[in-house]
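*Asks:* how would this look folded up:
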Amino acid sequence: MKRSLFLMSVIGFFLPSDASEVKAESKTVIVYGDSITVGAKLAPAESSRVWVLQVEAKSKGTLLMVNEGKGGRPTASLPEFDGMLKRRAKADLMVIALGGNDARDISGKCVPNALNNLKTMIAGARKTYGAKLRVLLVGPTNIRKDALGPSKPIADQREANLLALNAAYPEIAKTEDCAFVSLYGVLPEAGLGLDGVHPDAAGHDAIAKVMLPAIERAVGITTD
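*Replies:* The predicted model follows:
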């Protein structure tokens, strides 16, 4: 009996007195994005600089980032989104980082089509992970028009679409009870010299600096 009491007292000594002192379980964050989410055009030696990995590393264990990026993906990738929902069992936050490829549509339907697609994604994610799932919409990045490749002839229209998407996303975020953060203007032009769209490692550093606090706020993590 004395030995049992002794062991209980020792165990109690090593346990925190307050449950709040126990580190919370990591929050699972799915990032459904395009080639920038993937880290396209980064040199192999700089692959660890992709912003998604940086955010996870800088979160110090509070965020488990799931990279669901794919090059060339527009918001119309609804079947792929549904497939991802079936493949991923858990999400505390859904980050939708799309729109850059939509901006190539100069028919005048770029913005309304993108908004309808986002609404469908949000509804699908909440049907899968629960009605209270937190969602973060990410406004697409800026481009460097003089460095564009095949889409250079429509550079002005593409840029106008990017600006229009960034203006429209906050409205849908409000109506759908989502968080919003814009990446337009975040990328330094010097780092967009390769093709005018894909950032270098320094550009991913800049994105990570913006995305970490945005994700922490969206998922409900407060930092000192």
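*Asks:* Now do the buried residues in the helix or strand harbouring Ile172.
*Replies:* Here Ile172, judged by DSSP states H and E, is contained in helix 155-175. For helix 155-175, the neighbour count (16 or more other Cβ atoms under 10 Å) marks 155, 157-159, 161-162, 165-166, 168-170, 172-173 as buried. Every C-beta, even on glycine, is put in place using the N, C-alpha and C of the backbone.
*Asks:* okay, the residues you listed in CSV with pLDDT and distance to Ala57 next?
*Replies:* Below are these laid out as CSV (pLDDT from 0 to 100; distance: Cβ to Cβ, whole Å):
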residue, pLDDT, distance to Ala57
Ala155, 98, 35
Gln157, 98, 38
Arg158, 98, 32
Glu159, 98, 32
Asn161, 98, 33
Leu162, 98, 29
Leu165, 98, 29
Asn166, 98, 27
Ala168, 98, 32
Tyr169, 98, 27
Pro170, 98, 29
Ile172, 98, 31
Ala173, 98, 27
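*Asks:* quick one: contacts for the nearest residue to Gly72 once chain neighbours are set aside?
*Replies:* Distance criterion Cβ to Cβ, 6 or more residues apart in numbering; nearest residue to Gly72, sequence neighbours excluded, is Asn101 at 5.9 Å. Contacts here follow Cβ atoms under 8 Å, 6 or more residues apart in numbering; on that basis Asn101 touches Asp34, Gly72, Arg73, Pro74.
*Asks:* Counting neighbours, which of those residues end up buried?
*Replies:* Among these, those classed as buried by neighbour count (16+ other Cβ under 10 Å) are Asp34, Arg73, Pro74.
*Asks:* Take those residues and write them to a markdown table, including pLDDT.
*Replies:* Written out in a markdown table, the entries for the buried ones among the contacts of Asn101 read as follows (pLDDT from 0 to 100):
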| residue | pLDDT |
| --- | --- |
| Asp34 | 98 |
| Arg73 | 98 |
| Pro74 | 98 |
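*Asks:* quick one on the thing from earlier: check what pLDDT the residue nearest to Gly72 gets.
*Replies:* Model confidence at Asn101, given as pLDDT, is 98.
*Asks:* do the same with Pro79
*Replies:* With respect to pLDDT, Pro79 has a value of 98.
*Asks:* And for Leu212, nearest residue in space, chain neighbours not counted?
*Replies:* Val55 (4.9 Å).
*Asks:* and the one you found, that one's in a helix?
*Replies:* Yes - residue state for Val55 (DSSP: H, G, I helix; E, B strand; the rest coil) corresponds to a helix.
*Asks:* picking that back up, next, format the contacts of Asn101 as JSON lines and append secondary structure and distance to Ala91.
*Replies:* Compiled in JSON lines, the contacts of Asn101 are given as follows (DSSP: H, G, I helix; E, B strand; the rest coil; distance: Cβ to Cβ, whole Å):
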{"residue": "Asp34", "secondary structure": "coil", "distance to Ala91": "19"}
{"residue": "Gly72", "secondary structure": "coil", "distance to Ala91": "24"}
{"residue": "Arg73", "secondary structure": "coil", "distance to Ala91": "18"}
{"residue": "Pro74", "secondary structure": "coil", "distance to Ala91": "21"}
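*Asks:* picking that back up, show me the contacts for the residue nearest to Leu212.
*Replies:* Contacts here follow Cβ under 8 Å, 6+ apart; on that basis Val55 touches Leu63, Met65, Ala208, Met211, Leu212, Ile215.
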